[in-house]
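In: Provide a 3D model corresponding to the input given below.
(one chain, ligands or ions: 2)
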Amino acid sequence: MSENKPHHKPSPLKGRPNPKHGEAIRGEKNPMFGKHHSEETRRKIAEKRRGTHLAPEYRQKLSEIRRGEKNGNWKGGITLKIRGIRASLQVKKWRKDILERDNYRCRNCGSTEKLEVHHIIPIAELPGAAAMPMNGVTLCKQCHKETKSYLARKRESVSQQFIIQTIPHHWQEYSTIGNYATTDDGITVIFVSDMGSPDYEFLVALHELIEVKLTQKHGVAEEDITAFDKQHLDTNEPGYLKEAPYHKEHMAAETIERIVATLLGVEWNDYEEAINKKFEELEGK
Ligand SMILES: [Zn+2]
Ligand SMILES: [Zn+2]
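Out: Ligands and ions are numbered 1, 2, ... in the order given. Coordinates of the predicted model:
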């Protein structure tokens, strides 16, 4: 079931290349191999990528760009430029909104000079959050420079951070549907197997999240958990064993997991069956 380290059998899929991978696009098998798109096709592709939902001000910018393209000294690619403009106009408005929201004061020191708007999660890490109101904070130039993520293209963690990521089941480190590990700077990474159900994946993530927090809080070392699991490879759920160093935490996690499952309308038996199927999926291969 949703356990962090109970299933230590190495994944039989590990290192096996997917024979289908890459075949469709690369090399001579690609129908476009050795050919070039016509002007017309290229225009259509660009049109398709651009979508039809552009605001008038964006359209204006685009036509300016196109005019520029026809001028001699055009350098950049048009797609890149469009993306850049679309993003920058949005971010420009976002910047203004954040400054207004923060009453034109640095949220660290209160200064009203040389104000900048800081992306808490950098654009490079999460482009979709580039214009999210929650993701912006007004800082003066000095305070901005003092953030660890300034120009670093990665975020900083103040006290704790969790990264929850669904991955293909056969990418798990070993046969498990939930795995976690914590970096030296306190970032806990939780990998959840793709279960084909966001609700199931959420429940697995929730279980891991509670279990990792409680074991850390109670001083149970990750190495001890791993060591115990390795001594109980025959058991599907070492967390159920009373002598497991994380037994208490596992049971607490499951209690909460069950409550949330009920609230989500998830039938526990169906959920367990889906998990068992995931394990069989790998064992069968
Ligand atoms: Zn557990
Ligand atoms: Zn400041």
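
In: Next, work out how far apart residue 259 and residue 124 are.
Out: Remark: distance between residue 259 and residue 124 (CB to CB, to the nearest Å) = 38 Å. For glycine as for every other residue, the C-beta is placed from the backbone atoms N, C-alpha and C.

In: So is stretch 180-191 next to ligand 1?
Out: No - using CB under 5 Å from the ion, stretch 180-191 stays clear of ligand 1, coming no nearer than 10.1 Å.

In: quick one: terminal-to-terminal distance for stretch 92-111?
Out: End-to-end span of stretch 92-111 (CA to CA, to the nearest Å): 21 Å.

In: can you pull the buried residues of that stretch?
Out: 94, 95, 98, 99, 102, 105, 106, 107, 108, 111 (16 or more other CB atoms under 10 Å).

In: The protein: helices as residue ranges?
Out: Using DSSP state H, the helices of the chain run over 39-50, 56-70, 78-101, 141-146, 198-217, 222-231, 247-264, 268-283.

In: Can you pull out the residues in contact with stretch 90-109?
Out: The contact list for stretch 90-109 (CB atoms under 8 Å, 6 or more residues apart in numbering) reads 111-112, 115, 117, 123, 130-133, 136-140, 142-143, 146.

In: Of those residues, just the buried ones, PyMOL syntax please.
Out: Selection of buried members from the contacts of stretch 90-109 for PyMOL, criterion 16+ other CB under 10 Å:
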select buried, resi 111+115+117+130+131+136+137+138+139+140+143
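
In: got the residues of the stretch 51-200 of the chain near ligand 2?
Out: Contact residues (CB under 5 Å from the ion) of the stretch 51-200 of the chain with ligand 2: 106, 108, 109, 111, 140, 143.

In: Find the pair from the residues you listed with maximum spatial separation.
Out: Farthest-apart pair in those is 108 and 111; separation 8.4 Å (CB to CB).

In: Overlap in contacts, those two.
Out: When CB under 8 Å, 6+ apart defines a contact, the residues bordering residue 108 and residue 111 alike are 140, 143.

In: For burial, what's the neighbour tally of residue 165?
Out: A count of nearby residues for residue 165, using other CB atoms under 10 Å, gives 9.

In: residues contacting it?
Out: By CB under 8 Å, 6+ apart, the residues touching residue 165 are 189, 190, 191, 192.

In: between those, which has the most around it?
Out: Neighbour tally across the contacts of residue 165 (other CB under 10 Å): the maximum, 26 neighbours, falls on residue 192.

In: beta partners of it?
Out: On the basis of DSSP bridges, residue 192 takes part in beta bridges with residue 166, residue 178.

In: so it makes contact with residue 168?
Out: No - in terms of CB atoms under 8 Å, residue 192 does not count as a neighbour of residue 168; the distance is 10.8 Å.

In: Up against ligand 1, what does the stretch 151-285 of the chain have?
Out: Within the stretch 151-285 of the chain, the positions adjacent to ligand 1 are 211, 239, 250 by CB under 5 Å from the ion.

In: The second one contacts residue 246, correct?
Out: Yes - with contacts counted by CB under 8 Å, residue 239 reaches residue 246, the gap being 6.2 Å.

In: Now the common contact residues for these two.
Out: Taking CB under 8 Å, 6+ apart as the contact rule, residue 239 and residue 246 both touch residue 211.

In: neighbours of the residue of the stretch 101-250 of the chain found nearest ligand 1, just the number please.
Out: Residue of the stretch 101-250 of the chain nearest ligand 1, by CB to the ion: residue 250 (3.6 Å). By the measure other CB under 10 Å, the count of residues near residue 250 is 27.

In: Quick check: the residue lying closest to it once chain neighbours are set aside vs residue 111, distance?
Out: Once flanking residues are discounted, residue 250 sits nearest to residue 239: 3.3 Å by CB to CB, 6 or more residues apart in numbering. Applying CB to CB, the value for residue 239 to residue 111 is 51 Å.

In: repeat for residue 150
Out: Counting by CB to CB - residue 150 and residue 111 are separated by 16 Å.

In: same question, residue 205
Out: Residue 205 sits 40 Å away from residue 111, taking CB to CB as the criterion.

In: And for residue 144?
Out: From residue 144 to residue 111 the distance is 11 Å (CB to CB).
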